[in-house]
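[1] Sequence first, predicted model second:
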Amino acid sequence: MGSAPVGNRPPPRRLLQRVAVLSTVGQSRGLPKAHNQDSFLVEQLALSGGPGSSRSAPAATLVGVFDGHGQNGHKVAGLVASAVQEHISLALHQAASMSSASYSDEDACVPLVDRGLWWDTDPASTCSNLSSAAALATEDLVLTPTSAQSGLEQTFSRVAESVAAASSSLTYQSGSTAVLCLILQDSVVAAWAGDSRAVVGKRAEGEWYATQLTQDHKPNRLSEMARIVAAGGRVSRPHPAGPFRVCLPGYGERTALSVARAFGDFELARIGIVPTPEFAVFTRSAAAASSAAGPTAAAASNNTVPFGRAPPASCSSARACAPATETAQEILLVASDGLWEVVGNEEAIELAAAAGSPTAGAAQLAELAKCRWAEHSGSRHQDDITVAVVYL
């Protein structure tokens, strides 16, 4: 027998739907890098009834991408991903329980299913349709966008403590970005620090429109530049065709970093390199179709000094498209900057939609990004690429 509605809430529905993630190692000087410095996480978080209750409802699906940098970047990204996995369920539980006098610290999350991965034909890549699941032992708790944001904020704080407790040799000159997206029944709540990005696509009247859910923490973003300069740092662009970087005054480019917020990087903490997250909410409703951003809206709202790469004509996304085998009205993309440096928001959403499935979409986006990197660098350099595609 199905569970009955509680109060005015509709019966719960399954949230972890069609998800695929692909992560592939980059290249340096024409050879594969020693480590893929990206990590990712896909979790199903469920609210369950207390003892004797038959009610069990998925509360949220978590999709996270982490992009490491520095000599130990791959270790820091893995550390951040593991710490998120350790803290997220209890943080959300506590956030959803703030108004409940019956909450106790003995309530905890337990694993429900093990992580399942399948390997792609590329040995440097892995795809995951379903990662793992965790349950929260609660009574009639519901995650709202507000409580989800609070839980994400607590998670970032606890992860920061975990990273700070790690060996200083690991995190002094290495770090990682993080972007977390909680998919609720009626919304997507994002929290991020760094330049890994989440983009939502919505179909309206037969056309796809992209909304950039997160705003990159790049040093040339005006608000980030002002914050760093006020903390005593400086922002420079060492090479005309390269990214803007954060530098310690008096140290030249030795300490240069191309993101403005991150976990780790404690050498630069005093000039504002911190993991303090920003938050955004995307409402999943029919009304959202009329307010979905057009092709140029994300760039216009980014408040960033213009910088980017024009896509070469030879790496066309059109050739990667295939007849759709699955349909979706909304799509969520969560990816490291290995994708976003060379593929635009609108183009990525259109390709993911036309690919026909999340698995095909992730593979085709990664392949397109590889092609673009090869065009730009003469096959000498390619960033690590991690792409999560969710058909909502």
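    Nice, I can see it.
[2] quick one: the strands in the stretch 1-150 of the chain?
    Ranges of strands within the stretch 1-150 of the chain are 18-24, 27-28, 31-32, 38-48, 56-69, 109-113, 116-119, 125-130, 132-137, based on DSSP state E, counting those that start in this stretch.
[3] What's the mean pLDDT across the third one?
    Put plainly, it is strand 31-32. Here strand 31-32 scores 87 as its mean pLDDT.
[4] What of the last one?
    In this model, strand 132-137 has a mean pLDDT of 38.
[5] ditto for the longest one
    Per-residue pLDDT values over strand 56-69 give a mean of 86.
[6] Just the C-alphas of stretch 63-77, formatted as PDB.
    The C-alpha coordinates for stretch 63-77 follow below in PDB (Å, rounded to 0.1, in the frame of the first residue of the first chain):
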ATOM      1  CA  VAL A  63      25.000  16.000  -7.200                       C
ATOM      2  CA  GLY A  64      28.500  17.400  -6.400                       C
ATOM      3  CA  VAL A  65      31.600  18.200  -8.500                       C
ATOM      4  CA  PHE A  66      35.000  19.000  -7.000                       C
ATOM      5  CA  ASP A  67      37.900  20.400  -9.000                       C
ATOM      6  CA  GLY A  68      41.300  20.100  -7.300                       C
ATOM      7  CA  HIS A  69      44.400  22.300  -8.100                       C
ATOM      8  CA  GLY A  70      48.000  22.400  -7.000                       C
ATOM      9  CA  GLN A  71      50.400  19.500  -6.500                       C
ATOM     10  CA  ASN A  72      48.000  17.700  -4.100                       C
ATOM     11  CA  GLY A  73      44.800  18.900  -5.800                       C
ATOM     12  CA  HIS A  74      43.500  15.400  -6.500                       C
ATOM     13  CA  LYS A  75      43.900  14.500  -2.800                       C
ATOM     14  CA  VAL A  76      42.200  17.600  -1.600                       C
ATOM     15  CA  ALA A  77      39.300  17.100  -4.100                       C
END
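[7] May I see the buried residues of it?
    Buried positions in stretch 63-77, judged by neighbour count with 16 or more other C-beta atoms under 10 Å: 63-70, 72-77. All C-beta atoms are positioned from the backbone trio N, CA, C, and that covers glycine.
[8] And stretch 141-156, by the same measure?
    Using 16+ other C-beta under 10 Å as the test for burial, stretch 141-156 gives 141-143, 145, 147-156.
[9] can you name the two of these that are farthest apart?
    Maximum pairwise distance among the buried residues of stretch 141-156 (C-beta to C-beta): 22.0 Å, between V142 and F156.
[10] Please, where are all the strands along the stretch 201-350 of the chain?
    For the stretch 201-350 of the chain, the strands defined by DSSP E, counting those that start in this stretch cover 207-212, 234-236, 245-247, 263-264, 278-283, 330-335.
[11] Looking at those strands, which is nearest to S97?
    Set against S97 and scored by C-beta to C-beta, the strands of the stretch 201-350 of the chain come closest in strand 278-283, at 20.0 Å.
[12] Just checking: what are the partner strands of the closest one?
    Using DSSP bridges, strand 278-283 pairs in its sheet with strand 187-193 (antiparallel).
[13] re earlier: just the buried residues of stretch 141-156 now: which is nearest A362?
    Nearest to A362 out of the buried residues of stretch 141-156 is L152 (C-beta to C-beta; 23.7 Å).
[14] The closest one: what's its closest spatial neighbour, skipping adjacent residues?
    A191 (4.0 Å; C-beta to C-beta, 6 or more residues apart in numbering).
[15] Now for that neighbour, how many residues are close by?
    Counted with other C-beta atoms under 10 Å, the neighbours of A191 add up to 23.
[16] How about the contacts made by it?
    Q149, L152, E153, T155, F156, V179, L180, P277, E278, F279 (C-beta atoms under 8 Å, 6 or more residues apart in numbering).
[17] got it, and A230?
    Contact partners of A230, counting by C-beta under 8 Å, 6+ apart, are G272.
[18] One more: H217?
    By C-beta under 8 Å, 6+ apart, the contact list for H217 reads T177, W192, A193, G194, D195, E224, V259, A260, R261, E278.
[19] what's the spacing between the closest residue to the second one other than its chain neighbours and S236?
    Just to be clear, that refers to W192. For W192, ignoring the flanking residues on the chain, the nearest one in space by C-beta to C-beta, 6+ apart is V179 at 4.0 Å. With distances taken as C-beta to C-beta, to the nearest Å, V179 is found 26 Å from S236.
[20] do L248 as well
    Taking C-beta to C-beta as the measure, L248 falls 11 Å from S236.
[21] How about D186?
    In this view, D186 and S236 are 44 Å apart by C-beta to C-beta.
[22] now I228
    Distance of I228 to S236, computed by C-beta to C-beta: 11 Å.
[23] Pick out whichever of the two has more residues nearby.
    Neighbours were counted for I228 and for S236 using other C-beta under 10 Å; I228 has more, 22 against 13.
[24] who touches the residue nearest to that one when sequence neighbours are not counted in this structure?
    Excluding its sequence neighbours, the residue lying closest to I228 (C-beta to C-beta, 6+ apart) is G272, at 4.5 Å. Going by C-beta under 8 Å, 6+ apart, G272 touches R227, I228, A230, A231, G233, V246, A260.
[25] 6 Å instead, please
    By C-beta atoms under 6 Å, 6 or more residues apart in numbering, the contact set of G272 is R227, I228, A231, G233.
[26] where does the most centrally placed residue in the chain land in three-state SS?
    Residue closest to the mean C-alpha point of the chain, counted by C-alpha atoms, centre = their mean, is V179 at 3.4 Å. Three-state assignment for V179 (DSSP: H, G, I helix; E, B strand; the rest coil): strand.
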